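Trainee: give me a 3D structure for the following:
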Amino acid sequence: MIVSVSGIRGIPNKDFLYADAARFASNFAGMTGSGEILLARDTRSTGPAISRAVAAGLMSRGARVLDYGVISTPALFRESRVAKRPAVMVTASHNEPEYNGLKFLADGMGIGKEAFDAVVADTDGGPGQFVAGSRRSVLRSSYADDLVSRFGAGSCEGVSVALDLGGGAAITQAPRILKGMGCQVVSVNDAVGVFSRKVDPVADELVALRKLVKSSKCDIGLAFDCDGDRLVIVDDQGRKRTGDFMLTLALAEMLEQGGERNVVVSQDTTQAVGEVVERLGGKAFRSKVGEANVVKTMRDEGVTLGGEGSSGGLIDGTFNYCRDSMLAALVIVKALEAKGRKVYASVPVYHQERVALALPRAKALRGIRELAGKYNGADTSGGLKVALSDHSWVLLRPSGTEDVVRVSAEADTAGKAVEIAKSFASKLKELSS
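Mentor: Sure, this is the predicted structure:
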């Protein structure tokens, strides 16, 4: 079982037990003071059973559980924010279908480390009398209506969109939202709980979606993960674009609308974001990798826009403090309606290479320290990030949950990015031996 502040993930009945889910939920209810707690899940086959275990744990502390059934993670974040209620999402996000897990929210944000440590503590919350709670179903989330209202019903009439719903929670909202905006919609992988490709659209070639975009002459293709917080776009030529490109394009469109001028992005996000922000008179702040780190820096700096390029994760703090793939999609769809397909050429593009290097954590940290000593002025706040030229950099970051170092490199050509990533992976492996 992987346990981190971002959530809990494991394989049910192997390293993630239903009893674990109930215990974590009980601890969470005790920490939040019971009352009403929201609950939702993605479309994995183990979701209903884990949801029942979570509900039992919550109710054992007297909580009144409002169960939304299958909705996306961004939808639950929105419900938690609007209702000002804690929430539990049953999901393993972009992990493959055999996994499942839990995310804990409070007032529309992921809980912090101190609260998370209390949730996963090896305790049932201490002695106390059992207090029976209750559980009732909520038939509809307001998330879809909130988005259509924000962008305008019928405001994207004529834009054609192909969807790869990946068998996931986006099935419950994406078609309805886009049709409400006036879009023409076609889809693949739209059977609930049927996973015909890799769950993570970043890791899949998206062959079916790319074919659908071209055969249907669509303006854009949108591919979601199982819980609907990750997004990959396919352009009108059927080309799969990177998460960094998608985030840069969405942020550029939002910044051009006025209001916010600054953004916060993770260390491994493309330098193209910084160039766009500076061109528009703002500043790009950098945080450690991870949604929670981006959100914390956004709040510390008083910034409402942010994201992570690796997952195409746009965060708009005026609407949701999480990666919100549907909101990002609508920003780009609106741009297509206003500007046409030329919008794809409106932002700079760099090339990234990402390598996962298997190394014991202790050895990796020692090697990164030695390597940092060779580069004066390198950023060591979240691993080691080295600026190699005006248009290239490399980031070496130890995983917090497994014996892996993630090496990310960016350059103005794909060949250079691959060369940099391989070179630094080799240097680190040598220093860590």
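Trainee: tell me the pLDDT of the nearest residue to residue 163 once chain neighbours are set aside.
Mentor: Leaving out its chain neighbours, the residue that sits closest to residue 163 by CB to CB, 6 or more residues apart in numbering is residue 187, at 4.1 Å. Any C-beta I mention is one placed from the backbone N, CA and C, and that applies to glycine too. pLDDT recorded at residue 187 is 98.
Trainee: in its sheet, what does the strand or helix carrying residue 187 sit against?
Mentor: Element membership for residue 187, per DSSP states H and E: strand 184-188. Using DSSP bridges, the strands paired with strand 184-188 in its sheet are strand 160-164 (parallel).
Trainee: alpha carbons of the strand it pairs with, as PDB, please.
Mentor: What follows is strand 160-164 as a C-alpha-only set of coordinates in PDB (Å, rounded to 0.1, in the frame of the first residue of the first chain):
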ATOM      1  CA  SER A 160     -16.700  19.600 -32.600                       C
ATOM      2  CA  VAL A 161     -15.200  17.500 -29.800                       C
ATOM      3  CA  ALA A 162     -14.200  13.800 -29.700                       C
ATOM      4  CA  LEU A 163     -14.000  12.200 -26.200                       C
ATOM      5  CA  ASP A 164     -12.000   9.300 -24.900                       C
END
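Trainee: who are the packing partners of the helix or strand encompassing residue 66?
Mentor: Secondary structure from DSSP H and E places residue 66 in strand 64-70. In terms of contacts (3 or more CB pairs under 8 Å, 6 or more residues apart in numbering; DSSP states H and E), strand 64-70 is packed against strand 36-41, helix 47-59, helix 73-83, strand 134-137.
Trainee: relative to residue 383, which of the ones you listed is closest?
Mentor: helix 73-83 (26.1 Å; CB to CB).
Trainee: identify the residues contacting that closest one?
Mentor: Outside helix 73-83, the residues within contact range by CB atoms under 8 Å, 6 or more residues apart in numbering are 36, 38, 40, 42, 68, 71, 85-87, 89, 91, 93, 103, 105-109, 141-144, 146, 169, 173, 227-229, 319-327.
Trainee: so which of the residues you listed are in helices?
Mentor: 143-144, 146, 325-327 (DSSP state H).
Trainee: residues touching the spatially closest residue to residue 132 that is not a sequence neighbour, list them.
Mentor: Closest residue to residue 132 apart from its sequence neighbours, by CB to CB, 6+ apart: residue 59 at 6.4 Å. Taking CB under 8 Å, 6+ apart, we find residue 59 in contact with 65, 132-135.
Trainee: wait, which of those residues is closest to residue 423?
Mentor: residue 65 (52.4 Å).
Trainee: against residue 38, how distant is that closest one?
Mentor: 8 Å (CB to CB, to the nearest Å).
Trainee: for the helix ranked longest in the chain, which helices and strands make contact with it?
Mentor: Counting residues, the longest helix found in the chain (DSSP H) is helix 414-431. Secondary-structure packing of helix 414-431 (3+ CB pairs under 8 Å, 6+ apart): strand 351-358, helix 361-372, strand 392-398, strand 404-411.
Trainee: residues making contact with the strand holding residue 187?
Mentor: Here strand 184-188 makes contact (CB under 8 Å, 6+ apart) with 158-165, 175, 178-179, 208-209, 212, 216, 218.
Trainee: one step back: for the ones in helices among the contacts of helix 73-83, which one is nearest residue 5?
Mentor: For the ones in helices among the contacts of helix 73-83, the nearest to residue 5 is residue 325 (21.2 Å; CB to CB).
Trainee: number of residues surrounding the residue nearest to that closest one when sequence neighbours are not counted?
Mentor: Sequence neighbours aside, residue 231 is the residue nearest to residue 325 in space, at 3.5 Å (criterion: CB to CB, 6+ apart). Neighbour count of residue 231, defined by other CB atoms under 10 Å: 28.
Trainee: what's the next secondary structure element after the strand holding residue 187?
Mentor: Taking DSSP H and E, what comes next after strand 184-188 is helix 207-215.
Trainee: next secondary structure after that following helix?
Mentor: Sequence order places strand 220-224 as the next helix or strand after helix 207-215, per DSSP H and E.
Trainee: confidence score at residue 7?
Mentor: Residue 7 is given a pLDDT of 87.
Trainee: who's the spatially closest residue to it that is not a sequence neighbour bridged to?
Mentor: Residue nearest to residue 7 in three dimensions, not counting chain neighbours: residue 103, with 4.3 Å by CB to CB, 6+ apart. Listed by DSSP bridges, the beta-bridge partners for residue 103 are residue 89.
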